[in-house]
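Visitor: Have a look; sequence and predicted model below, questions after that.
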Amino acid sequence: MAHNWETDPRPLSEILKAWRPEMTRAQKADALRIPLNTFNRMCDGRPADREETIRRLMILIDGTR
């Protein structure tokens with residue numbers, strides 16, 4: 001069963017780094033369909049406009065790979 005990133009209490013910056021450790025940041029950004037610069041800024045702790053959507057998308061991607 002995939003991890004529930006929506007209920008994970010950690011900040012988005014932490015879960016993005018923990019998600020899919022076998023993937024590079026560029027691969028993660030591509031999977032989430034966001035620019036690498038945006039992904040890197042979120043990993044650095046900058047707020048995301050649609051954090052809930054990103055967390056849900058991570059779950060959906062986990063379920064398909």
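Guide: Okay, I see it.
Visitor: can I have the helix or strand of the chain with the lowest mean pLDDT written out in PDB, keeping just the CAs?
Guide: Lowest by mean pLDDT, DSSP states H and E among the helices and strands of the chain is helix 51-64, with a mean of 93. What follows is helix 51-64, C-alpha atoms only, in PDB (Å, rounded to 0.1, in the frame of the first residue of the first chain):
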ATOM      1  CA  GLU A  51       0.300  21.700  -1.800                       C
ATOM      2  CA  GLU A  52      -2.800  19.500  -1.300                       C
ATOM      3  CA  THR A  53      -2.900  18.800  -5.000                       C
ATOM      4  CA  ILE A  54       0.800  17.900  -5.100                       C
ATOM      5  CA  ARG A  55       0.400  15.600  -2.100                       C
ATOM      6  CA  ARG A  56      -2.500  13.800  -3.800                       C
ATOM      7  CA  LEU A  57      -0.700  13.500  -7.100                       C
ATOM      8  CA  MET A  58       2.200  11.800  -5.300                       C
ATOM      9  CA  ILE A  59      -0.200   9.200  -4.000                       C
ATOM     10  CA  LEU A  60      -1.600   8.600  -7.500                       C
ATOM     11  CA  ILE A  61       1.900   8.300  -9.000                       C
ATOM     12  CA  ASP A  62       2.900   5.800  -6.200                       C
ATOM     13  CA  GLY A  63      -0.100   3.700  -7.200                       C
ATOM     14  CA  THR A  64       0.800   3.500 -10.800                       C
END
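Visitor: where's the most centrally placed residue in the chain, which helix or strand?
Guide: Nearest to the geometric centre of the chain sits residue 16, at 4.0 Å (Cα atoms, centre = their mean). Using DSSP states H and E, residue 16 sits within helix 12-18.
Visitor: For the helix or strand following that helix, name the packing helices and strands.
Guide: For helix 12-18, the following helix or strand on the C-terminal side (DSSP H and E) is helix 25-32. Here helix 25-32 touches helix 36-43, helix 51-64, going by 3 or more Cβ pairs under 8 Å, 6 or more residues apart in numbering; DSSP states H and E. (C-beta placed from N, C-alpha, C; glycine too.)
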